[in-house]
Structures are given as C-alpha cells and as structure tokens.
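Student: Need coordinates for the below:
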Amino acid sequence: MKTIGLAFRNLSRQKKRSFLLGGAIAFGFFIVTFVDALAGGSLRNLSEQFSFLFGGNIFIQASQKDDDKVMTLTKDALFIEDVLKESGIRYTAEGKRTMLFGTIIYEGQKAVTNISGCDFEKEKRLKDSISLVQGSWENMQDSNALIIGETMAENLGIEVGETVLFEMQTAKDYATVGEFKIAAINRDPSLLGSIMVYSHIAYLNELYELDEDAFFFYTIMAEDHENQDVLANQLEAIIKKYKPVTNRLEAVKKNPLNIVRGINEQLKEASWEGDMYSVITFDDQVPNIKQILSIVQYVSLGILIALFLVIMIGISNTYKMVIFERIKEIGTMRALGVKQKEAGRIFMWEAVLLSLFGSLVGFIVAILGMKVLSLFTFTSEELSLFLHNGHWTYVLNAGSISIKLIVVVLLTMLAVRGSAKQAAKLNPAEALRTTR
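Tutor: From the prediction side, this is the model:
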C-alpha cells in the first residue's frame with residue numbers, strides 16, 4: 001500500500017505530464033469503447049428488426065415423418081402455449097407462421113421466393129417493421145393480398161393492384177397455382193429482398209391444403225433477446241417431458257456454424273411416431289449477425305493495440321526522462337533502505353494507476369458521447385435498420401471491456417518496464433552524486 005501511495009503521489013506531483021499521458025490512454029479507450037458499444041447496439045437493432053420480419057426470435061415447430069420424408073406441420077397450438085406458460089419466459093409478441101416456397105409469375109417473368117403467411121392482427125409489430133413505399137395496409141383487407149419487396153417488384157415490373165400467380169407444391173405434393181393481388185410494395189435491403197413477401201396465413205393454408213388452424217411454426221419475441229439459446233434450451237427441456245424433441249446441444253456439437261442444419265439432420269436420422277418438436281432461435285437461422293459482432297470486437301481490439309503501440313512509444317520516452325529527473329530522489333530512497341524491487345514497483349504502479357484512470361475517463365466520455373448521440377433523431381432510410389425508432393443505441397459488453405482494460409494495463413506496464421528496471425538497478429551513491 002505504501003508503494004501505491006508513493007506512485008499516486010508521484011503522478012499527482014507532475015499533473016501536466018500525467019494529464020497528457022492519461023489523456024492519450026483515455027482517447028484510445030474512448031475510441032474502442034465507442035465503436036464496440038455502437039456496433040453492438042446497431043447489430044442488436046438489426047437483429048430485432050429482422051426478428052419481427054421473421055415473426056419472432058424463438059420458433060417452435062412440429063415435424064412428421066412418412067418413410068424417409070420429413071414434413072414440418074404444427075397443429076397443436078394449445079400444447080405450445082402450455083409449454084410457454086410452464087417455462088415462465090417473458091415475451092412481447094407471439095404468432096403463427098406458414099411459409100411456402102415457390103415461384104411468382106408475372107407476364108412471363110419469374111422470381112423464386114418464400115411467402116410468409118401471417119396473422120397481421122396479432123403481429124402488430126410487423127407493421128412497424130415493414131416500410132411501405134407503395135400501397136397501404138388498407139389494401140390488405142383482401143384475402144389474397146400480397147406484400148412484396150421493392151427489389152422483386154422492380155425486377156418483375158409489378159405495380160400495386162396487379163395480379164400475380166404463385167406456383168407451388170401442396171402438402172400432398174400436387175403442383176398448384178395460387179392467385180395473389182399486390183396490396184403493397186415494401187422497402188427492402190438487398191439481403192432481404194427475396195424473403196420479405198407476406199400474405200394472410202388463412203389463404204396460404206388454403207393453397208397448401210392445410211386445416212385453418214394449422215401452421216408451420218409458432219413464434220415468440222422473447223424479451224431477453226441476448227439469451228435466445230438459453231431460453232430455447234429451456235423450452236426444449238420442457239417439451240421433452242411430454243413429446244419427442246430434437247437436441248440443440250447435439251446439433252451445436254455437430255454443426256457449430258449451422259445449428260439449423262444439425263437439427264434437420266436429426267429429423268432425417270431419428271425414428272419416431274407422431275410429432276417431433278424442434279426449437280430454433282433467430283440466431284440459429286441468421287448466424288452471420290453474431291459473427292459480424294465478433295468481427296467488430298476483434299477489429300476494435302486490433303485498433304486498441306495499434307493505438308497503444310503508438311502511445312507506448314510516448315510513455316516509454318517520457319519515463320526515460322522521468323528517471324533522469326528523479327535520479328536523486330531514487331538515490332535517496334535507496335539510501336534510506338528501499339529495496340531494488342520496491343523502487344521498480346513504484347514505476348510499475350504508476351503505469352497501472354495511469355492506465356486505470358485514463359481508461360476510466362475514456363469509458364465515461366464514451367458513455368456520455370453515446371448518450372448525447374442517442375438524443376438525435378435520424379431519418380435516413382439507409383440507416384433505419386440499424387436504429388431504434390430513429391435513434392442510435394448502444395450495448396456495453398462487460399467481457400469485451402474487461403479484456404480491453406487488461407490489454408491497456410499490460411501495454412502501459414510494458415512501456416514503463418524498461419524505466420522501472422533502470423530505476424531498480426541504480427546505485428544509491430552514484431545516484432546521489434549525479435547532477436542535472
């Protein structure tokens with residue numbers, strides 16, 4: 001504690017120098033914290049908006065097996081609702097989805113796509129997530145109304161009010177054609193252009209020859225968006241008490257980068273009678289978002305190290321001057337009985353305190369900067385997917401911040417290490433005789 005006190009006194013004695021060195025550390029920590037948190041918030045907003053477009057962030061479905069063919073078809077919504085009640089999971093929205101794969105045909109032009117059948121009355125947030133560029137929600141009153149993405153509309157030359165055909169296979173593998181009326185065209189980023197096609201679930205079930213109450217999967221929007229995997233495993237454990245269910249942990253072991261494929265392989269390989277349930281998360285279906293966040297964190301760590309390699313040079317050169325300035329002071333301490341290691345530790349503790357204070361200031365400035373930025377409303381359509389109601393948000397990852405703090409402390413100590421060794425090796429008599 002005495003060594004730490006001396007280190008703190010030395011830093012406070014040279015306020016200007018400590019301010020400059022600490023400011024450099026604070027700037028580096030501010031940059032990486034700001035980038036990390038803003039990227040995390042943007043990706044969370046992107047993930048949440050995608051989740052609403054998909055219907056939720058956790059999906060429960062039942063599959064049946066006929067010989068070697070697996071078909072997804074869920075009929076027992078009451079069973080799923082009982083499972084959700086037993087789990088105690090908090091969620092803000094729920095719904096049923098039927099999704100059919102086929103080909104949209106318009107005046108000889110074709111586009112392969114999936115059509116999502118939704119209950120628009122229950123999925124109220126879906127309306128907030130879809131930005132219409134043509135048409136209106138009032139047009140969705142027709143039973144065969146269809147919403148398509150603007151990319152597809154441009155490629156096919158379709159306008160609101162026109163009729164298209166949808167070629168598909170029924171549940172019994174019969175080829176059929178359905179007729180849809182374009183009710184609206186929504187704005188879509190290129191990566192969603194082929195899946196942002198929506199219709200009424202009742203009409204889609206009719207085309208597929210399903211019962212009115214049947215659907216493909218049951219969706220919920222869990223409040224705890226960050227722990228989808230934990231919640232999905234919890235639901236899986238409850239279902240297992242009553243019905244056959246796939247094993248997510250096994251799917252992760254076999255296909256860590258594609259859990260959905262692992263679950264589908266289980267459905268193909270397993271033998272069962274009746275329904276086999278599966279629980280899938282949004283992250284399972286779109287793992288790239290998590291990968292992007294990991295990449296951003298690695299990049300920000302790289303930026304931090306690059307910044308501190310430059311800062312280290314300044315700190316190292318500064319402490320070489322400090323040794324020369326304090327040479328008599330070090331000689332006096334050594335003459336009074338301070339051991340070599342203790343003399344060196346004073347400099348190392350100065351580095352630790354400097355890095356901790358600098359990082360703390362950088363962290364606080366980053367928080368204030370993000371809070372100020374979040375007050376502004378942005379109307380850019382290009383940025384809308386990354387915003388929450390037009391505002392930037394941020395996510396602080398405690399693990400990532402801790403790792404970066406440790407890196408800052410270690411690099412600062414490394415920069416001072418040479419000066420600390422030099423101070424420890426000084427001969428007391430020679431140091432006292434030295435004149436500046």
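Student: Can you tell me the SS state at Leu368?
Tutor: Here Leu368 is recorded as helix under DSSP: H, G, I helix; E, B strand; the rest coil.
Student: From Phe166, how far out is Val112?
Tutor: Using Cβ to Cβ, to the nearest Å, one obtains 11 Å as the distance from Val112 to Phe166. All C-beta atoms are positioned from the backbone trio N, CA, C, and that covers glycine.
Student: In terms of neighbours, single out the busier of these two.
Tutor: Summary of the neighbour comparison: Val112 and Phe166, criterion other Cβ atoms under 10 Å, with Phe166 having more neighbours (22 against 10).
Student: shared neighbours of Val112 and Phe166, anything?
Tutor: When contacts are counted by Cβ atoms under 8 Å, 6 or more residues apart in numbering, the set common to Val112 and Phe166 consists of Gly102, Thr103, Ile104.
Student: quick one: which of the residues you listed has the most company?
Tutor: By neighbour count, taken as other Cβ under 10 Å, the most surrounded of the shared contacts of Val112 and Phe166 turns out to be Ile104 (23 neighbours).
Student: On the three-state scheme, the nearest residue to Glu162 once chain neighbours are set aside is what?
Tutor: Distance criterion Cβ to Cβ, 6 or more residues apart in numbering; nearest residue to Glu162, sequence neighbours excluded, is Ile182 at 5.3 Å. Following three-state DSSP, we place Ile182 in the strand state.
Student: so how many other residues sit close to Ile182?
Tutor: 23.
Student: Asn397 too?
Tutor: A count of neighbours around Asn397, defined by other Cβ under 10 Å, yields 16.
Student: Packing partners of the lengthiest strand in the chain?
Tutor: Ranked by residue count and defined by DSSP state E, the top strand of the chain is strand 91-106. Counting contacts by 3 or more Cβ pairs under 8 Å, 6 or more residues apart in numbering; DSSP states H and E, strand 91-106 packs against helix 77-87, strand 109-118, helix 124-129, helix 150-156, strand 163-169, helix 201-208, strand 217-222.
Student: distance of the residue nearest to Glu162 from Ile147?
Tutor: When Cβ to Cβ is applied, the distance between Ile182 and Ile147 equals 8 Å.
Student: between those two, what contacts are shared?
Tutor: Common contacts of Ile182 and Ile147, defined by Cβ under 8 Å, 6+ apart, comprise Gly135.
Student: what about Asn57, distance to Val252?
Tutor: For Asn57 relative to Val252 (Cβ to Cβ), the value is 17 Å.
Student: An error on my part: the question was meant for Ile25.
Tutor: Counting by Cβ to Cβ, the gap between Ile25 and Val252 amounts to 39 Å.
Student: Compare these two and say which is more crowded by neighbours.
Tutor: With other Cβ under 10 Å as the criterion, Ile25 and Val252 differ in neighbour count, and Ile25 comes out ahead with 26 against 17.
Student: Is that one in contact with Ala415, as I believe?
Tutor: No - contact criterion Cβ atoms under 8 Å: Ile25 and Ala415 do not qualify, at 10.3 Å.
Student: what touches both of those two?
Tutor: With Cβ under 8 Å, 6+ apart applied, the overlap between the contact sets of Ile25 and Ala415 consists of Ile311.
Student: what's Leu21 in contact with, if anything?
Tutor: Remark: with contacts taken as Cβ under 8 Å, 6+ apart, Leu21 is in contact with Gly314, Ile315, Thr318, Leu354, Gly358.
Student: With neighbour count as added columns, please give the residues you listed in CSV.
Tutor: What follows is the contacts of Leu21, written out as CSV (neighbours: other Cβ atoms under 10 Å):
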residue, neighbour count
Gly314, 13
Ile315, 23
Thr318, 17
Leu354, 25
Gly358, 25
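Student: Taking strand 163-169 as reference, get the angle to the longest strand of the chain.
Tutor: Angle of strand 91-106 versus strand 163-169, following axes from the mean of the first three to the mean of the last three Cα atoms, to 10 degrees, is 100 degrees.
Student: Please point out which parts of strand 91-106 sit buried.
Tutor: Burial within strand 91-106, assessed by neighbour count using 16 or more other Cβ atoms under 10 Å, is assigned to Tyr91, Ala93, Glu94, Gly95, Lys96, Arg97, Thr98, Met99, Leu100, Gly102, Ile104, Tyr106.
Student: Out of the contacts of Leu21, the closest to His388 would be?
Tutor: The shortest separation between His388 and any of these is 31.2 Å, and it belongs to Gly358 (by Cβ to Cβ).
Student: Surely the closest one and Gly23 touch.
Tutor: Yes - with contact defined as Cβ under 8 Å, Gly358 counts as touching Gly23 (7.2 Å).
Student: Pipe the buried residues of strand 91-106 into JSON lines and attach pLDDT and distance to Asn264 per row.
Tutor: Putting those into JSON lines (pLDDT from 0 to 100; distance: Cβ to Cβ, whole Å) gives the following:
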{"residue": "Tyr91", "pLDDT": "92", "distance to Asn264": "25"}
{"residue": "Ala93", "pLDDT": "87", "distance to Asn264": "26"}
{"residue": "Glu94", "pLDDT": "89", "distance to Asn264": "24"}
{"residue": "Gly95", "pLDDT": "89", "distance to Asn264": "23"}
{"residue": "Lys96", "pLDDT": "92", "distance to Asn264": "21"}
{"residue": "Arg97", "pLDDT": "92", "distance to Asn264": "18"}
{"residue": "Thr98", "pLDDT": "93", "distance to Asn264": "18"}
{"residue": "Met99", "pLDDT": "90", "distance to Asn264": "15"}
{"residue": "Leu100", "pLDDT": "91", "distance to Asn264": "18"}
{"residue": "Gly102", "pLDDT": "93", "distance to Asn264": "20"}
{"residue": "Ile104", "pLDDT": "94", "distance to Asn264": "26"}
{"residue": "Tyr106", "pLDDT": "93", "distance to Asn264": "32"}
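Student: now, which of those residues sits nearest Arg13?
Tutor: Distance to Arg13, by Cβ to Cβ, is smallest for Tyr91 among these, at 57.7 Å.
Student: for the closest residue to the closest one other than its chain neighbours, what are its contacts?
Tutor: Counting by Cβ to Cβ, 6+ apart, the nearest residue to Tyr91 once its immediate chain neighbours are dropped is Ile220, at 4.2 Å. Contacts for Ile220 were tallied using Cβ under 8 Å, 6+ apart; they are Gly56, Asn57, Ile58, Ile60, Leu84, Ile89, Tyr91, Ala93, Glu94.
Student: Kind regards, and thank you for your time.
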